[in-house]
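**Student:** Sequence isn't available, so here's the structure alone:
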């Protein structure tokens with residue numbers, strides 16, 4: 001028991017170390033990402049949270065490109081008019097998810113840059129503006145045309161780099177770890193600063209908040225400007241964050257955990273500007289989704305690994321299922337509250353810990369069975385031991401009726417012989433004898449039930465079923481005499497008298513079960529079949545055959561058994577029965593007197 005407790009403690013420590021190592025190495029991060037995605041989808045469908053003064057998206061769509069024939073790089077006049085319209089509407093901040101030129105286009109037409117510059121100047125001091133900066137092939141921020149940069153200043157620039165997880169889905173937002181460099185600020189982060197939320201943002205974008213994103217076409221805003229509809233401009237944009245970006249079907253697309261675009265409700269691959277929309281929403285609502293503090297996370301991992309302490313029983317499996325459900329539901333609930341829990345990691349660790357306990361218990365059962373097999377194989381018949389270890393034979397159960405062939409074997413004249421030998425030599429002789437005969441019994445599927453001095457009781461057909469129990473019993477008796485022949489040669493060679501045995505066989509129905517008191521029980525066979533087999537062994541002296549069997553045994557064996565018909569004979573304490581005998585020719589080769597020196 002002490003060794004078992006030590007093994008249990010060592011195994012538990014190993015499970016804790018391995019589990020914490022798996023948690024620390026983010027081995028189950030893909031599952032956690034999938035669980036988080038499912039949580040956001042469920043929350044958007046069932047617990048969507050509206051955002052006050054939501055971000056207004058101005059989209060450059062296909063219809064806009066049809067109305068404005070110039071390439072986007074030459075939209076200086078259109079962007080200038082848009083900026084002037086924003087100066088009138090006065091949104092809380094304007095962010096551009098399109099990159100302005102890095103050079104002058106005056107070489108095309110004189111003063112071509114002027115409308116764009118005038119639009120930026122109209123906004124300066126009236127509306128905070130953040131211009132996008134993209135990354136070049138070396139990961140460096142692209143520069144803007146210096147006059148534009150001088151108008152907006154350094155506080156008016158933001159990187160449009162996004163965080164891609166290994167599966168190329170955008171879930172996280174981190175200004176220092178998503179393609180940016182030290183001191184750089186993202187487009188959404190810079191917009192948040194202009195909105196009075198000044199901090200270093202790092203976490204997960206909250207995809208559970210806000211309605212599906214709609215957009216106002218860029219050309220629609222220009223039409224309002226053309227008509228001088230300042231009321232519509234003010235009603236649509238005043239006091240709200242505004243983002244301008246491209247919403248074309250095949251341009252600047254990224255995969256998100258949820259379908260976010262109202263104009264494309266069946267896809268999670270959406271225009272990149274929607275990432276900035278949702279990031280700004282998250283910052284305005286309650287901030288990004290934060291990771292659970294590491295100490296709490298690892299404490300929960302330890303709790304999950306504690307399932308190793310539970311034995312693998314049906315009730316414990318139900319408890320494990322409840323714990324997994326709690327981990328998944330809890331991760332979704334905390335996600336709703338702005339905290340990310342690695343629920344999949346906790347669930348998997350609990351399952352692995354429970355599986356480790358199941359493996360440990362199975363290993364202990366194997367060890368126990370090996371120990372019991374080694375310790376009791378010499379005391380219990382292998383067939384009975386096998387059935388006990390398999391749980392098919394249990395104390396206290398009622399007896400069962402079975403058709404078996406019972407064998408009773410006894411050494412003739414052993415009592416007189418034992419009187420002449422020292423006790424140690426008697427034990428040694430019996431051990432040699434029983435070793436020779438029991439090996440033959442086990443070879444043919446028999447079960448040794450008990451040793452009664454020099455006598456042996458065995459039965460065939462239980463607990464192991466046999467195709468023909470009587471045939472197996474007769475073949476075992478024949479092999480027993482063959483083995484005894486070899487033993488007798490050794491005895492004669494050592495100056496001792498050979499052993500002669502009688503074997504009685506009878507087949508019929510017996511009751512098999514445990515017999516005895518509470519402190520000691522024995523699995524045995526009870527019935528007249530056992531008594532008659534004992535009587536038949538006694539008759540072997542009278543008929544001169546070492547093996548005597550009843551008619552039921554002979555009928556089962558048939559003519560192939562080589563049995564001699566002994567006719568009907570009286571049996572002590574029983575009615576007369578028809579008997580058969582078997583005499584091995586090998587016995588004639590054994591000298592009846594020991595060699596003399």
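**Tutor:** Ah, there it is. The shown structure was predicted, so the numbers you read here are calculated from the model rather than taken from an experiment.
**Student:** Mind listing what's buried along the helix or strand where residue 173 lies?
**Tutor:** Per DSSP states H and E, residue 173 falls inside strand 172-174. Across strand 172-174, burial judged by 16 or more other Cβ atoms under 10 Å covers 172, 173, 174. The C-beta positions use only the backbone N, C-alpha and C, and glycine is treated the same way.
**Student:** same question, stretch 453-469
**Tutor:** 454-464, 466, 468-469.
**Student:** Next: stretch 478-495.
**Tutor:** 478, 479, 480, 481, 483, 484, 485, 487, 488, 491, 492.
**Student:** which among these gets closest to residue 120?
**Tutor:** Nearest to residue 120 among these is residue 479, at 107.7 Å by Cβ to Cβ.
**Student:** how deep is residue 429 tucked in, by neighbour count?
**Tutor:** 20 (other Cβ atoms under 10 Å).
**Student:** Is it within a helix or a strand, and which one?
**Tutor:** Counting by DSSP H and E, residue 429 is part of helix 423-443.
**Student:** which residues touch the next helix or strand after that helix?
**Tutor:** Per DSSP H and E, the first helix or strand lying C-terminal to helix 423-443 is strand 446-452. By Cβ atoms under 8 Å, 6 or more residues apart in numbering, the surrounding residues in contact with strand 446-452 are 381, 383-384, 407, 434, 438, 441-442, 456-460, 462-464, 472-473, 476, 522-525.
**Student:** quick one on the thing from earlier: of the buried residues of stretch 453-469, which pair is most distant in space?
**Tutor:** 454 and 468 (28.8 Å).
**Student:** Can you classify residue 566 by secondary structure?
**Tutor:** strand (DSSP: H, G, I helix; E, B strand; the rest coil).
**Student:** sorry, back to before: tell me the least confident of the buried residues of strand 172-174?
**Tutor:** Minimum pLDDT for the buried residues of strand 172-174 is recorded at residue 174 (85).
**Student:** Helices of the stretch 401-550 of the chain, start to end?
**Tutor:** Assigned by DSSP state H, counting those that start in this stretch, the helices in the stretch 401-550 of the chain fall at 414-419, 423-443, 469-493, 528-543.
**Student:** To residue 133, which of those helices lies closest?
**Tutor:** That would be, of the helices of the stretch 401-550 of the chain and by Cβ to Cβ, helix 423-443, which comes in at 86.1 Å.
**Student:** For that closest one, enumerate the helices and strands it packs against.
**Tutor:** Contacts defined by 3 or more Cβ pairs under 8 Å, 6 or more residues apart in numbering; DSSP states H and E place helix 423-443 against strand 400-411, strand 446-452, strand 455-460, helix 469-493.
**Student:** Kindly calculate the angle that the shortest one makes with strand 446-452.
**Tutor:** So that's strand 455-460. Calculated by axes from the mean of the first three to the mean of the last three Cα atoms, to 10 degrees, strand 455-460 forms an angle of 160 degrees with strand 446-452.
**Student:** quick one: strands adjacent to the helix or strand hosting residue 130?
**Tutor:** Taking DSSP H and E as the criterion, residue 130 maps to strand 129-133. Strand 129-133 sits in its sheet next to strand 93-96 (parallel), strand 157-159 (parallel), going by DSSP bridges.
**Student:** What average pLDDT does stretch 486-494 get?
**Tutor:** 89.
**Student:** How far away from the center of its chain is that stretch?
**Tutor:** Remark: stretch 486-494 is offset 61 Å from the chain centroid, using Cα atoms, centre = their mean, to the nearest Å.
**Student:** picking up where we left off before, next, format the buried residues of strand 172-174 as TSV and append distance to residue 340.
**Tutor:** Converted to TSV, the buried residues of strand 172-174 look like this (distance: Cβ to Cβ, whole Å):
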residue	distance to residue 340
172	10
173	12
174	13
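**Student:** for the residues you listed, which one is nearest residue 16?
**Tutor:** residue 172 (29.4 Å).
**Student:** Compute the number of surrounding residues for the nearest residue to that closest one once chain neighbours are set aside.
**Tutor:** Spatially, and ignoring its direct neighbours in sequence, residue 172 is nearest to residue 163 (4.1 Å; Cβ to Cβ, 6 or more residues apart in numbering). If you count neighbours by other Cβ under 10 Å, residue 163 ends up with 21.
**Student:** again, but for residue 231
**Tutor:** Neighbours of residue 231 (other Cβ under 10 Å): 10.
**Student:** Could you check how far it is from residue 89?
**Tutor:** Applying Cβ to Cβ, to the nearest Å, the value for residue 231 to residue 89 is 10 Å.
**Student:** for residue 528, same thing?
**Tutor:** To residue 89, residue 528 is 110 Å away according to Cβ to Cβ.
**Student:** buried set for stretch 185-204?
**Tutor:** Buried-residue list, stretch 185-204, by 16+ other Cβ under 10 Å: 185-195, 201-204.
**Student:** Stretch 425-434 now?
**Tutor:** For stretch 425-434, the neighbour count (16+ other Cβ under 10 Å) marks 426, 429, 430, 433, 434 as buried.
**Student:** Other residues contacting it?
**Tutor:** Contacts for stretch 425-434 (Cβ under 8 Å, 6+ apart): 411, 418, 421, 451, 454, 456, 484, 487, 499.
**Student:** In space, what's closest to the second one - neighbours in sequence excluded?
**Tutor:** Yep, that's residue 418 we're talking about. For residue 418, the spatially nearest residue (Cβ to Cβ, 6+ apart) is residue 426, at 4.9 Å.
**Student:** Looking at that neighbour now. What's its pLDDT?
**Tutor:** 87.
**Student:** Output the helices and strands packed on helix 423-443 in CSV; the columns should cover distance to residue 52.
**Tutor:** Shown next, in CSV, are the helices and strands packed on helix 423-443 (distance: least, Cβ to Cβ, whole Å):
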stretch, distance to residue 52
strand 400-411, 78
strand 446-452, 84
strand 455-460, 88
helix 469-493, 87
